[in-house]
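> I need the structure of the sequence given here:
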Amino acid sequence: MFSPVYTVTARLLASVSLIERARGRIDAARLAPEQANGLQHHAQTEMIIASAGLSDYLLTRPQIQAVLEDQDVHAPARAITEVRNAKATIEWARLRQLDGTPLTLDDICQMHALFTENLGVDHEVGNFRAGPAVILNEYLGSAWGGYKAPPAGVVKDRMDALMNWVAGAETDPHPVIAAGIAHQEIAAIRPFTLGSGQVARLVSRIVLGQHGYSFRDGLALGSYYLLNRTAYHVALDNGASYLERARSSRDDWLDFYLRGLHNEVDRLTAMIAAFQVDGFEAGHPATMRRDEACLLAFADEYGSLTKRDAASILSPLPRRLVLKRLAALVDQGRLVADTSGEHVRYLLKH
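Numbers count the residues shown, from 1 in each chain. The predicted model follows:
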């Protein structure tokens, strides 16, 4: 039986409430087909780029984009295969979330097989590990390198218990919470020799989508994790061994995960709001900076923002770069600077 420990705090409830509110706005937004497709394509690209960064594929963003467009890229064959596999797996997951039936162990293994095709030893592809977990000591500030994952003999039972728990996630636990805990639990079990982290992140996305939280298939949470890579691994790390983690609170991870989800939802809200700007082209969201999107989302939500608001939103970005982001949004015609008051306020241009 799987019974995670976490606290339903006022902060957690507030975070879920904000996400619920944003979901309603995003789902209700009127988008032309090319705009909706643009959001989905952008999310897919960002997810693959984040997957590459978190897994050390050693490809640059332009190289990854070239691979996705079936262009010739001078790079290690393994890195190119990883990108293509990630694309195929993400597309499989998008279709799987349309099926409301609970995820099974077979689904998990199929997902892993897609991720690792032509990358590992044949008997490991699509199969739970048969030996100890391999964990590299590479994450500054985290004890992952010394972490003791559960023995191979219990991996299947632990995964089965998790999937049964997730299958009951409708109102208790809330699907958003269930998706986050599923992510952390799979990362802790380390069910595969290669690719456990990728599977954990994608399972979380599928669980969200199955319960109506696909946000127009525009989520790319991996980008937030990549930008906050050390904090991501520290948040996941709630114990030196699997047994310790099973008994420990998930509160720190849920706090980080919900902040990331809220950040990503803000980005989507800003992109959709940007469609309303005069002369804004449908293909433009693919080039919108994530930090600029967060500023637009804040201005849309609260009517305006100040330089102080922007500095808080983009912390710890230096003030000069915060001002540069604001100036860029004004130059692009997305924000208008109101200098009539004591302090300059930036309004979303409609």
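> counting contacts, what elements does the worst-scoring helix or strand of the chain on mean pLDDT pack onto?
When each helix and strand of the chain is scored by mean pLDDT, DSSP states H and E, helix 290-302 comes last, with a mean of 75. Judged by 3 or more Cβ pairs under 8 Å, 6 or more residues apart in numbering; DSSP states H and E, helix 290-302 is in contact with helix 251-274, helix 307-313, helix 319-331, strand 335-338, strand 345-348. Glycine gets a C-beta too; all of them are placed from N, C-alpha and C.
> if you set the cut-off to 7 Å instead, what comes out?
If contacts are counted by 3 or more Cβ pairs under 7 Å, 6 or more residues apart in numbering; DSSP states H and E, helix 290-302 sits against helix 251-274, helix 307-313, helix 319-331, strand 345-348.
> which parts of it are buried?
With burial defined by 16 or more other Cβ atoms under 10 Å, the residues of helix 290-302 counted as buried are 290, 291, 292, 293, 294, 295, 296, 297, 298, 299, 300, 301.
> which among those residues gets closest to residue 34?
Nearest to residue 34, judged by Cβ to Cβ, of the buried residues of helix 290-302 is residue 293 at 19.1 Å.
> the closest one reaches residue 267, doesn't it?
Yes: between residue 293 and residue 267 there is a contact at 4.0 Å, judged by Cβ atoms under 7 Å.
> so for the helix or strand harbouring residue 154, mean pLDDT?
If you go by DSSP states H and E, residue 154 is part of helix 152-167. The average pLDDT within helix 152-167 is 96.
> any buried residues in it, and which?
Neighbour-count burial for helix 152-167 flags 152, 155, 158, 159, 161, 162, 163, 165, 166 (criterion: 16+ other Cβ under 10 Å).
> what sits up against it?
1-2, 102-105, 108, 128-131, 150, 178, 182, 185, 189, 191, 207 (Cβ atoms under 7 Å, 6 or more residues apart in numbering).
> now, these that are in helices?
105, 108, 178, 182, 185, 189, 207 (DSSP state H).
> quickly note the distance from the fifth one to residue 174.
When distances are taken as Cβ to Cβ, to the nearest Å, residue 185 and residue 174 turn out to be 16 Å apart.
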